[in-house]
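Asker: any chance you could fold what I've pasted below:
(2 chains)
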Amino acid sequence: MSTTVTETADPSGSTAAGSDAAPARPRPELRSSRRKALAGSLANVSLAAYFAFSLIPIVFILALSLKSNADQTTTYLAFSPTFENYRTVLGIGDGGSSYVRFFLASLVTSVGAVLVSLAIGIPAAYAAARYRFRGSEDLLFTLLSFRFAPELAVIIPLSVIYQQLGLYDTFVGMIWVLQLVTMPLVVWILRSFFQDLPAELEEAALLDGYTRRQAFFKTVLPLVRPGIAAVSLLAFIFAWNNFIFPFTLTSSNAQTVTVSSLAFLGGNQVQFNLVAAGVVMAALPPLVLALFIQRYLVRGLSFGAVKS
Amino acid sequence: MAAIEVQGIRKKFGKLVALDDVSFSVADGEFFCLLGPSGAGKTTTCKSVAGLVRPDEGTVRLAGHDVGDVEPNHRNLAMCFESYALYPQLNVFDNMASPLRSPRFRLSDDEARERVGRTAEMLGVAQLLHRGVDQLSNGQRQRVALGRVLVRPAEAYLLDEPLAHLDAKLRTAMRAELKSISHGDLTTTTIYVTHDYVEALSLADRIGVLREGRILQVGTPEEIWDRPCNAFVAEAFGKPRIGFVDGGLVDGEHGIRFVSSDGAVEVPVPGVEANAGEAVRIGVRPHDLELHPGAEDVPAGRVRVDGVVYVLEHLGRQTEVTVQVGTALLSVVVPREDVPDLARDDRVGLSLDPCAVHVFARGEDERRISS
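Answerer: Model prediction:
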C-alpha cells in the first residue's frame, strides 16, 4: 500500500526508498477480520446443518403422504409418488368426504376463538398494562395458569358440564373452550406491547381534546398493530393445533381436523399415508397465514427488544 | 385564559411522597416558573393541574372552579411533555394539527393548516412538516412538541422543560421567542417547569421553588434573588454559586457581628433576626464580592477579608477566581484584564458590602434570618 502511494506521488524520482519500506507481515486487523470471517462461515454451516435436521420430519411426512399403500411402511425415499392419498382424503370422485367439513370446522372454531380473545383480550391487556390495583398481578397470574395447567386436569369436569349445558359437539362450545387456550396468550403478550408505549402518548391525546376512548383508538391501537398481528397468528396456531379439547368435547358435528386425521388409523387397515396427507393439508392454513403477515410478525416478535 | 390555584396537594406513589402540601396560585395571564432539581415534583405538579395525576389530597382550581372531577380533555389546557410524547405514527404536520382535529377544539382544515403553518414558522420547523417524527433530532422534536401546544389558544399552557434538550444557542433564541410570546398582546397563563435558573429568572413573572415535593418559596425573580428564603434557594440561583461561610454571631461595639468558625471572616450583619451566640451560615453571591489583588484599602463601608487563590478559571473575557478564606471557598468573577498575573496560591483580598450578606440559620431548613 505504502509503495503505491510513494510511486504515484513521485513518478519521476527514485522509488527505491518506497519499496524498501513496504511491510511484509499482514496487519493485525486483517488477521482478526479473517478470523471473524471464518467464525461466520462456521456459524453458517452449523445453521444449515440444523436447518436440514429440523426439516427431516417435514420431508418424511411429505414423502409419506405421496406413498402408495404398499410403500407406506418403508422409510427410504425411493418410491413412485402418487396423489391418490390426497384424493382419498378429500373424497374426490367419491362424492366428497367428511375431512373437508372437519377442516372447515377447524377454521371456524380457531378463527372464532382468536376473534373472541382479541375482542376481550385487547382491552384486558391494555387495562392490565395501565392500571395496577390490589390483586391485579394475581388476576393475571391466574389467567396465565390456564396456559400451563395441564388440560387433562379439567377435561372430565368440562366434559360433564358441556354435556349438561348442551354445548357438547357445538361450534359455540368449541370456540368457548379454545378461547381458554388463546386468551392468556393474547393478554400476556399484548400487555407487554402496551407497557412499552409511554403513557404520556395517551395523556397528550387527552390534552389535545380527545376522550379516553378516542385516545386509545387513535394513538395506542395503531402502534400495537404489529403485536396484534403476531399474537393473532400465535393464538391461531395454538387453537388450530389443539387436540385434547376437540377430541373429548366433539363427535361429528364440530370435530376438528386434528382429531379427524386420526380416523384413518382405525378401521381394518392402518393407513399412515392417508394420515400424512390429511396432516400436510392441515398444516397449510397456519403456514399461509404466517407468510401473509410475515412483515408484521418479525417486527411484532422483536418488539421491545430494541428501544427506539 | 384562566387563573390557576393549587391548594395543599399531596401525592404519594407507593411509599414515595412526590408532593407534600404544594400550594401556589397563578394569576390570569401570569407566567409562573416551577424551578427545582430533578425529582422535586415539578412534573407531578404540572400533571396534577392537567388532571393526569389525581392528587391524594388538595384541590386544583381553574378560573375559580374546582376541577377535581373534570377529565383532562375538558380542562382546556395544553401541555408540553418533557418526553415530547409525539405520536410516532404521524408526521410533524399531523402531530401539530392533532389538537385542531379533536372533537373539542376542531377547526376547519384550512384554518388548521394556516395555524400549524404559522406556529411551525415561528418555531423554525416549517421545512420539517412532512417528515416523520423518527426523522427528527431531539431539538426538533422538542420544538414540534412545543408547537402542538402553541397551535391552539388554551386556558393555560403547561410547559414541562420545553427547552431542556435544545443546544445552548437554540435555547437562548427560543427563550427570547417564548418571552416575546408570553409578554406579547396575547398573554396566556403559563406554568413553566425548568431546572435552569436562568430560564426562570428571564421568563417568569413569578417563580416557585420546589424541593422534595415542597414549595420552598414563591416570589418574583427579584424577590427570590434578593431575599432567598433559605440556603437551598440561595444556592439554586446564580452561577458561580453563592459562597457559604459557617460561623456564629457575636456582640460587637457597633452591633451584632458574624465571625466564622475559623476566625478568617468577620463582618457586621445588621438587621439579623437572631441573638449573639447562635450558629449561623452566611452566603455571599460572587457578584457582591470584589477582588483586591494588592494590599490596598477597600472602599468605605465595605469589609475586607483575606485569603489565597484556590482555583482560577478563565472564561473568555472573564475570570472566575475561587478564593480560600480560612476553610471556606468564595468565588468572584472579574474582568480578565484585571488579573493578568494572578496565580494559584497568591495572597489576595476580597471585599464585601455587609448589606449584601445573606444570613441563614443552621439546622434542617437553613432558613433566612436576615432582613
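
Asker: what residues does B:L128 make contact with?
Answerer: B:92, B:120, B:136, B:140, B:144 (CB atoms under 8 Å, 6 or more residues apart in numbering or on different chains). In short, each C-beta sits where N, CA and C put it, glycine included.

Asker: try it again with 7 Å
Answerer: B:92, B:136, B:140 (CB atoms under 7 Å, 6 or more residues apart in numbering or on different chains).

Asker: which of those fall within helices?
Answerer: Judged by DSSP state H, helices contain the following of these: B:92, B:140.

Asker: now the contacts of B:L128 in CSV, with neighbour count and pLDDT?
Answerer: Below are the contacts of B:L128 laid out as CSV (neighbours: other CB atoms under 10 Å in any protein chain shown; pLDDT from 0 to 100):
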residue, neighbour count, pLDDT
B:V92, 27, 95
B:L136, 19, 91
B:Q140, 21, 91
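
Asker: need the contacts of B:L128 in CSV (columns: distance to A:A199).
Answerer: What follows is those, written out as CSV (distance: CB to CB, whole Å):
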residue, distance to A:A199
B:V92, 22
B:L136, 22
B:Q140, 23
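
Asker: what does the pLDDT read for the closest residue to B:G248 other than its chain neighbours?
Answerer: Spatial nearest neighbour of B:G248, excluding adjacent residues (CB to CB, 6 or more residues apart in numbering or on different chains): B:A279 at 5.1 Å. pLDDT recorded at B:A279 is 91.

Asker: I'd guessed B:A279 sits against B:L249; true?
Answerer: No: under the criterion of CB atoms under 7 Å, B:A279 is not in contact with B:L249, lying 8.2 Å apart.

Asker: between these two, which has more neighbouring residues?
Answerer: Applying other CB atoms under 10 Å in any protein chain shown to B:A279 and B:L249 shows that B:L249 carries more neighbours, namely 21 against 13.

Asker: span of stretch B:72-80 from start to end?
Answerer: End-to-end distance for stretch B:72-80: 14 Å, by CA to CA, to the nearest Å.

Asker: go through it and flag the buried ones.
Answerer: B:72-73, B:75-80 (16 or more other CB atoms under 10 Å in any protein chain shown).

Asker: identify the farthest-apart pair in those residues.
Answerer: Using CB to CB, the buried residues of stretch B:72-80 span at most 16.4 Å, a distance reached by B:N73 and B:C80.

Asker: show me the contacts for A:N69.
Answerer: A:271, A:273.

Asker: ok, A:G209 next?
Answerer: So A:G209 contacts B:73, B:99, B:102-105 (CB under 7 Å, 6+ apart).

Asker: and the closest residue to B:L201 other than its chain neighbours, how far from chain A?
Answerer: Leaving aside its chain neighbours, B:L201 sits nearest to B:P221 (4.6 Å; criterion: CB to CB, 6+ apart). Distance, B:P221 to chain A, using CB to the nearest CB, to the nearest Å: 28 Å.

Asker: surely B:P221 and B:L203 touch.
Answerer: No: using CB under 7 Å, B:P221 makes no contact with B:L203, being 9.0 Å away.

Asker: by contact count, what packs against the one helix or strand B:Q7 maps to?
Answerer: Secondary structure from DSSP states H and E places B:Q7 in strand B:4-13. The contact analysis (3 or more CB pairs under 7 Å, 6 or more residues apart in numbering or on different chains; DSSP states H and E) places strand B:4-13 against strand B:16-26, helix B:42-50, strand B:57-62.

Asker: can you tell me the element the residue of the stretch 201-308 of chain A found nearest chain B falls in?
Answerer: Residue nearest to chain B within the stretch 201-308 of chain A (CB to the nearest CB): A:G209, separated by 3.3 Å. For A:G209, there is no enclosing helix or strand under DSSP H and E.

Asker: A:E137 too?
Answerer: Applying DSSP H and E, one finds A:E137 within helix A:136-148.

Asker: angle of the very next helix or strand once past that helix against helix A:136-148?
Answerer: Per DSSP H and E, helix A:136-148 leads on to helix A:152-165 as the next helix or strand towards the C-terminus. Interaxial angle of helix A:152-165 relative to helix A:136-148 (axes from the mean of the first three to the mean of the last three CA atoms, to 10 degrees): 90 degrees.

Asker: dump helix A:152-165 to CSV, restricted to CA.
Answerer: This file holds the C-alpha atoms of helix A:152-165, laid out as CSV (Å, rounded to 0.1, in the frame of the first residue of the first chain):
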residue,chain,number,x,y,z
LEU,A,152,-56.2,-33.1,31.1
ALA,A,153,-56.8,-31.9,34.6
VAL,A,154,-60.0,-30.1,33.6
ILE,A,155,-61.2,-32.3,30.8
ILE,A,156,-63.5,-34.6,32.8
PRO,A,157,-65.5,-31.8,34.6
LEU,A,158,-65.5,-29.8,31.4
SER,A,159,-66.9,-32.7,29.5
VAL,A,160,-69.7,-33.2,32.1
ILE,A,161,-70.5,-29.5,32.1
TYR,A,162,-70.6,-29.4,28.3
GLN,A,163,-72.9,-32.4,28.2
GLN,A,164,-75.4,-30.8,30.6
LEU,A,165,-75.3,-27.4,29.1
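
Asker: and the next helix or strand after it with helix A:136-148, angle?
Answerer: Note on helix A:152-165: by DSSP H and E, the next helix or strand toward the C-terminus is helix A:171-196. Computed with the same axes, to 10 degrees, the direction of helix A:171-196 lies at 130 degrees from that of helix A:136-148.

Asker: tell me what helix A:171-196 is packed against?
Answerer: helix A:98-130, helix A:136-148, helix A:225-241, helix A:244-249.

Asker: may I see the buried residues of that helix?
Answerer: Neighbour-count burial for helix A:171-196 [16+ other CB under 10 Å]: A:173-191, A:193-194.

Asker: residues contacting the helix or strand just after it, please?
Answerer: Note on helix A:171-196: by DSSP H and E, the next helix or strand toward the C-terminus is helix A:200-207. For helix A:200-207, the external contacting residues (CB under 7 Å, 6+ apart) are A:212, A:215-216, A:218-220, B:50, B:52, B:72-73, B:77-79, B:81, B:83, B:85, B:87.
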